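J.: got a sequence here, can you build the structure:
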Amino acid sequence: MARLPVTPVLLLLTFGAGAYIAFETFKALGGKTLKDLKTLPLFAYHPILMVASWLFFAPLSWSLILVRGRTLVKSKRVILTQLHAASMFLAVVCWGLALGSIFVHKQKLEKEHFQSPHSMMGASVFVLIVSSYMSALYNVVDSKSKEKVNFNWTSKIHKNIGKVALCMTGLAISTGLFTRWGKTTFEDKNIRTGLALCIIVPQLIVALDVMTRSAGKEDKRKAK
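T.: Okay, here's the model as predicted:
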């Protein structure tokens, strides 16, 4: 099966959309300089941390694992896996902090939690992300080896959970652009739609690229 083209352009689309969302959020909530981060309302940290999580650290993580799939040199594969794990760890931490900030914000306003499709999808995806990360740790810890760790492994479970999380996360973040906050921050519907496409399309292509690569390996094994 032919590989789908995954180019730096896709990452630039994601990084660009994330940077624009973070900047407009910062500006809309009264931020002018970096010093103003200390005085921003708690709510502001939700979209900003979410951008850091899934529109910066996560894309960095995907690119590393895609490069890993193209090399057979064990030392390089190990380093790329470690960098992938580190960047994804930062993505998980930022996502957790983003959920925590909106939870505390609503708590202070005495508002009910998980009342919108966006919030329910976001919480569900976080469970998927953590599950994917934990499945990776399960494979990394190797009690049989002298080092007790193994960074040169493959797992269908980890890969499949990751692909589902990848696709669902893009949708979860994009729905936030059409909430009251999104409509206030980005009044033009075309801008919101464009940002959503810049988030969803690259993630879908990366997921499809991983699927085609896996299918190609399966075909080679069957041919043998």
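J.: against Ser75, how distant is Leu109?
T.: As judged by CB to CB, to the nearest Å, Leu109 and Ser75 stand 52 Å apart. Using the backbone N, CA and C atoms, a C-beta is placed for each residue, glycine as well.
J.: kindly report the same for Ala52.
T.: 30 Å.
J.: who has more neighbours out of those two?
T.: Set side by side, Ala52 and Ser75 show more neighbours around Ala52, with 21 against 9, by other CB atoms under 10 Å.
J.: quickly find the element holding the more buried one.
T.: Here Ala52 sits within helix 45-52, counting by DSSP states H and E.
J.: centre of the chain to that helix, how far?
T.: Between the centre of helix 45-52 and the centre of its host chain there is 11 Å, according to CA atoms, centre = their mean, to the nearest Å.
J.: other SSEs contacting that helix?
T.: Taking 3 or more CB pairs under 8 Å, 6 or more residues apart in numbering; DSSP states H and E as the contact definition, the neighbouring helices and strands of helix 45-52 are helix 8-28, helix 74-108, helix 156-176.
J.: and the ones you listed: which comes nearest Arg192?
T.: helix 156-176 (8.6 Å; CB to CB).
J.: could you dump the following helix or strand past that closest one to CSV, C-alpha only?
T.: On the C-terminal side of helix 156-176, the closest following helix or strand by DSSP H and E is helix 180-185. Taking C-alpha atoms only, helix 180-185 is exported to CSV below (Å, rounded to 0.1, in the frame of the first residue of the first chain):
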residue,chain,number,x,y,z
ARG,A,180,-19.2,30.8,23.5
TRP,A,181,-15.5,31.5,24.1
GLY,A,182,-14.6,30.6,20.5
LYS,A,183,-17.3,32.7,19.0
THR,A,184,-16.3,35.7,21.2
THR,A,185,-12.6,35.3,20.5
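J.: pull out the buried residues from helix 180-185.
T.: For helix 180-185, the buried set under the neighbour-count rule, 16 or more other CB atoms under 10 Å, comprises 181-182, 185.
J.: neighbouring contacts of it?
T.: If you take CB atoms under 8 Å, 6 or more residues apart in numbering as the criterion, helix 180-185 is touched by 24-25, 28, 43, 47, 176, 192.
J.: next one: that helix to chain centre, how far?
T.: Going by CA atoms, centre = their mean, where helix 180-185 is centred and where its chain is centred differ by 22 Å.
J.: spatially central, which residue of this structure would that be?
T.: In the chain, the residue lying closest to the centroid (CA atoms, centre = their mean) is Trp54, at 3.1 Å.
J.: and it, how far is that from Ala91?
T.: 6 Å.
J.: then Lys183?
T.: 27 Å.
J.: could you count how many residues lie near Gly69?
T.: Neighbourhood size, Gly69 [other CB under 10 Å]: 15.
J.: ditto for Arg192
T.: When counting by other CB under 10 Å, one arrives at 18 neighbours for Arg192.
J.: I'd say it and Phe178 touch.
T.: Yes: using CB atoms under 8 Å, Arg192 and Phe178 qualify as a contacting pair, with a distance of 6.2 Å.
J.: between these two, which contacts overlap?
T.: Contact criterion CB under 8 Å, 6+ apart; no residue bridges Arg192 and Phe178 by contacting each.
J.: any stretches of this structure with poor pLDDT?
T.: For the chain, applying pLDDT under 70 flags the ranges 1-7, 31-39, 143-147, 210-224.
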